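Undergrad: I need the structure of the sequence given here:
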Amino acid sequence: MKNLKRILSLVLVSVMILSLSACIHKKNEIAVKIGDEKFTSAYYMCSLIYAYTEAKQKVQESDDLTEDEQNGNAEIDYFSKKIDKKDFETWVEDRAIEVIKTNAAYRILCKENKLELTEEQKNQIENGVYQNWDYYGASEYFTTNGVGKDTYKEYLTDSYYSELYFKHLYDKEGEKAVKTEDVNKEITDNYIIADIIEIAYADEATDEDKAKDKQTLETYASQIRSGKKTFAEIYKTHNEVKDEETTTEEDADALKPVNEYARILGAEETDFAADEYETYKKYEFDVPTVTEKSDSKGVALVIKRDISKDAYFMDYLDIYARHTLKDEEFENTISDYCKELKADISKYAVSQFKVKKLTDSETAA
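TA: Presented below is the predicted three-dimensional model:
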């Protein structure tokens with residue numbers, strides 16, 4: 001009898017050990033396979049984080065909020081909401097897989113077309129990781145939720161594959177290149193450049209103080225109109241800008257703006273949308289104008305320049321215009337391609353991650 005009890009005890013211990021070992025998730029275990037592309041459980045979590053952030057944004061912009069939630073008198077109960085007729089948690093989980101499928105599509109299409117990231121792009125990725133992870137504090141949020149720096153970098157890299165394939169299709173030499181005249185029209189219709197000097201009113205500024213600020217800019221404008229000084233000279237003095245002492249060979253060969261201190265202002269829904277765009281767009285070219293800021297918190301000296309005559313800014317905004325013209329078509333192309341992709345999901349690997357267990361943070365935004 002004693003031997004029987006001993007045997008049963010050993011069996012129970014063995015079962016417990018096997019059960020515990022089955023619950024241990026290995027580092028870099030594969031959660032999703034799409035063709036030859038493999039995505040780790042940490043990558044799945046990264047996608048889940050972004051899907052969660054996107055879902056919250058959708059809820060905040062929806063009409064499905066209580067009066068108290070709308071007024072800020074109560075925290076939004078996200079998990080009680082629906083998105084596209086799906087429960088909040090289900091939508092996030094489904095969206096995470098959609099994101100992974102989309103990123104897999106970018107990888108596959110880039111490989112098929114032998115597209116590789118340039119050294120400049122690789123440096124941009126490194127800088128992006130440093131800025132977001134080390135400088136802006138994304139590390140705290142992502143590591144808390146099980147995502148390490150290498151996975152974060154992998155996720156960021158995939159966004160560059162997206163841009164790589166977009167350019168393959170729609171850039172100047174792309175398979176579906178957008179006509180140059182259409183790109184130029186998009187730029188000149190929706191963007192302006194202007195030389196601008198602004199003075200913000202002090203918090204306790206009196207009408208007399210504001211008049212002095214305006215007079216300072218009127219004096220600048222008068223000096224420019226008379227030819228006594230250039231805008232660049234006044235800008236450097238006003239902002240205490242020192243001339244660069246060294247110029248590399250690469251800098252010497254780079255395209256330079258005609259108006260070196262000009263600022264880009266874009267129409268609504270562009271990447272450079274500016275409140276003053278509609279007002280400044282009406283100004284004549286090269287005429288110094290002193291005007292109060294749209295928020296009434298300061299005054300500005302503005303000289304609108306002809307963007308069509310500044311090759312630097314036309315070149316700089318080229319890709320933004322192409323995206324505006326072709327983003328919808330591109331997204332539909334990728335969406336259709338993704339429909340043909342099959343995602344092999346390891347339920348065991350993804351089951352460890354629950355949307356409700358995500359540690360919330362403003363960093364995710």
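Undergrad: pull the longest helix from the chain.
TA: Of all segments of type helix in the chain, defined using DSSP state H, the longest is helix 88-112.
Undergrad: so for that helix, what's the average pLDDT?
TA: Averaging pLDDT along helix 88-112 yields 96.
Undergrad: Next: stretch 313-331.
TA: 97.
Undergrad: Give me the buried positions along it.
TA: 313-314, 316-326, 330 (16 or more other Cβ atoms under 10 Å). Every residue, glycine included, has its C-beta placed from N, CA and C.
Undergrad: can you pull the buried residues of the longest helix of the chain?
TA: 88, 91-93, 95-97, 99-110.
Undergrad: after that helix comes which helix or strand?
TA: With elements assigned by DSSP states H and E, the helix or strand that comes after helix 88-112 is helix 119-129.
Undergrad: Remind me what that following helix packs against, helices and strands.
TA: Applying 3 or more Cβ pairs under 8 Å, 6 or more residues apart in numbering; DSSP states H and E, we find helix 119-129 packed against helix 149-170.
Undergrad: for the helix it packs on, what is the average pLDDT?
TA: 95.
Undergrad: Can you give the distance from that helix to the centre of its chain?
TA: 12 Å (Cα atoms, centre = their mean, to the nearest Å).
Undergrad: swap in stretch 298-310?
TA: Centroid displacement of stretch 298-310 relative to its chain, using Cα atoms, centre = their mean, is 27 Å.
Undergrad: would you put the C-alpha positions of it in CSV?
TA: The C-alpha trace of stretch 298-310 is given here as CSV (Å, rounded to 0.1, in the frame of the first residue of the first chain):
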residue,chain,number,x,y,z
GLY,A,298,1.0,87.4,-31.1
VAL,A,299,1.9,89.3,-34.3
ALA,A,300,3.7,88.1,-37.4
LEU,A,301,5.7,89.4,-40.3
VAL,A,302,4.9,87.3,-43.3
ILE,A,303,6.3,87.3,-46.8
LYS,A,304,4.7,84.7,-49.1
ARG,A,305,7.1,83.2,-51.6
ASP,A,306,6.4,81.5,-54.9
ILE,A,307,6.7,77.8,-54.0
SER,A,308,6.7,76.8,-57.7
LYS,A,309,10.0,78.7,-58.2
ASP,A,310,11.7,77.0,-55.2
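Undergrad: what sits up against stretch 59-73?
TA: Stretch 59-73 is contacted from outside by 74-78, 81-83, 88, using Cβ atoms under 8 Å, 6 or more residues apart in numbering.
Undergrad: just checking, what packs against the helix or strand harbouring Ile224?
TA: Counting by DSSP H and E, the element that carries Ile224 is helix 207-226. Here helix 207-226 touches strand 191-200, helix 231-239, strand 289-292, strand 298-305, going by 3+ Cβ pairs under 8 Å, 6+ apart.
Undergrad: Report the buried residues of that helix.
TA: 210, 213-214, 216-217, 220-221, 223-224.
Undergrad: ok so, going back, the helices and strands packed on helix 207-226 into TSV, with extra columns for distance to Lys282?
TA: Below are those laid out as TSV (distance: least, Cβ to Cβ, whole Å):
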stretch	distance to Lys282
strand 191-200	10
helix 231-239	20
strand 289-292	10
strand 298-305	9
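Undergrad: Turn those into TSV, including distance to Asn184 and mean pLDDT.
TA: Below are the helices and strands packed on helix 207-226 laid out as TSV (distance: least, Cβ to Cβ, whole Å; pLDDT from 0 to 100):
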stretch	distance to Asn184	mean pLDDT
strand 191-200	11	97
helix 231-239	25	95
strand 289-292	26	96
strand 298-305	16	97
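Undergrad: now those in a markdown table, with mean neighbour count and distance to Ala267?
TA: Formatted as a markdown table, those follow (neighbours: other Cβ atoms under 10 Å; distance: least, Cβ to Cβ, whole Å):
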| stretch | mean neighbour count | distance to Ala267 |
| --- | --- | --- |
| strand 191-200 | 21 | 7 |
| helix 231-239 | 15 | 24 |
| strand 289-292 | 16 | 19 |
| strand 298-305 | 21 | 14 |
